[in-house]
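Student: Mind folding the following:
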Amino acid sequence: MAGTFSQIYVHIVFAVNGKTNLLEKEWRNEVFKYIAGIIKGKDQKPIIVNGVADHIHAFVGLKPSKAVSDLVRDIKNNSSNFINEKKLVRGKFSWQEGYGSFSYAQSQVGTVYNYILKQEVHHKKKTFREEYLEFLKKFEVEYDEKYLFKWIE
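Tutor: Residues are numbered from 1 along each chain as shown. As a prediction, the model looks like this:
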């Protein structure tokens with residue numbers, strides 16, 4: 001009997017909720033490592049997790065048996081609990097509803113990895129809003145402005 005073998009590369013983007021729930025530079029790497037652990041714990045392949053104060057990027061090797069929506073739900077729930085239990089922000093931390101997910105080919109893994117790795121540098125020139133809208137345009141995703149993230153600018 002033949003098995004099923006595949007590797008789907010998905011770039012996931014989502015944002016913090018509220019202007020006071022920013023991911024502070026001093027502890028955000030701890031959160032990124034925790035998120036990578038969540039991905040691995042769900043039997044998926046964390047390639048890189050990185051971001052800046054108001055949003056994160058996670059690049060994942062996804063098995064076809066796992067829905068992106070289920071993985072994002074688990075990442076958001078577990079990482080919110082982690083941030084709140086550690087009291088890393090004042091008040092209650094949460095992520096905004098929604099996310100973006102974009103697929104890539106094996107030949108693009110290095111390029112996407114380097115893009116996510118250099119988020120700090122990248123966002124000195126471009127806002128999260130500009131970046132996200134470029135993704136939607138590049139991938140030809142139809143959207144309604146009222147359903148986009150609440151931007152912190």
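Student: switch to C-alpha atoms for all contacts and neighbour counts from now on
Tutor: Will do.
Student: can you list the weak-confidence ranges in the protein?
Tutor: For the chain, applying pLDDT under 70 flags the ranges 153.
Student: ranges for the strands of it?
Tutor: Assigned by DSSP state E, the strands in the chain fall at 8-15, 45-52, 55-62, 100-104.
Student: and the ones you listed as CSV, adding mean neighbour count and distance to Ile83?
Tutor: Putting the strands of the chain into CSV (neighbours: other Cα atoms under 10 Å; distance: least, Cα to Cα, whole Å) gives the following:
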stretch, mean neighbour count, distance to Ile83
strand 8-15, 21, 14
strand 45-52, 21, 15
strand 55-62, 23, 14
strand 100-104, 16, 22
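Student: State the distance spanning the first to the last residue of stretch 125-145.
Tutor: Separation of the first and last residues of stretch 125-145 by Cα to Cα, to the nearest Å is 23 Å.
Student: And the contacts of it?
Tutor: Residues outside stretch 125-145 that contact it (Cα atoms under 8 Å, 6 or more residues apart in numbering) are Asp54, His55, Phe102, Trp151, Glu153.
Student: Quick check: the gap between the first one and Val10.
Tutor: Read it as Asp54. Using Cα to Cα, we find Asp54 at a distance of 20 Å from Val10.
Student: Ok, the fourth one next?
Tutor: The spacing between Trp151 and Val10, counted by Cα to Cα, is 23 Å.
Student: Among the contacts of stretch 125-145, which pair sits farthest apart?
Tutor: Largest separation among the contacts of stretch 125-145 by Cα to Cα: Phe102 and Glu153, giving 23.7 Å.
Student: re earlier: figure out which of the strands of the chain is closest to His123.
Tutor: For these, distance to His123 was read as Cα to Cα. The smallest value, 8.0 Å, belongs to strand 45-52.
Student: so where do the helices sit in the protein?
Tutor: Here the chain has its helices, by DSSP state H, at 25-41, 68-85, 109-117, 119-122, 128-138.
Student: So which elements touch the first one?
Tutor: Taking 3 or more Cα pairs under 8 Å, 6 or more residues apart in numbering; DSSP states H and E as the contact definition, the neighbouring helices and strands of helix 25-41 are strand 45-52, helix 68-85.
Student: okay, the angle between the last one and strand 8-15?
Tutor: Calculated by axes from the mean of the first three to the mean of the last three Cα atoms, to 10 degrees, helix 68-85 forms an angle of 40 degrees with strand 8-15.
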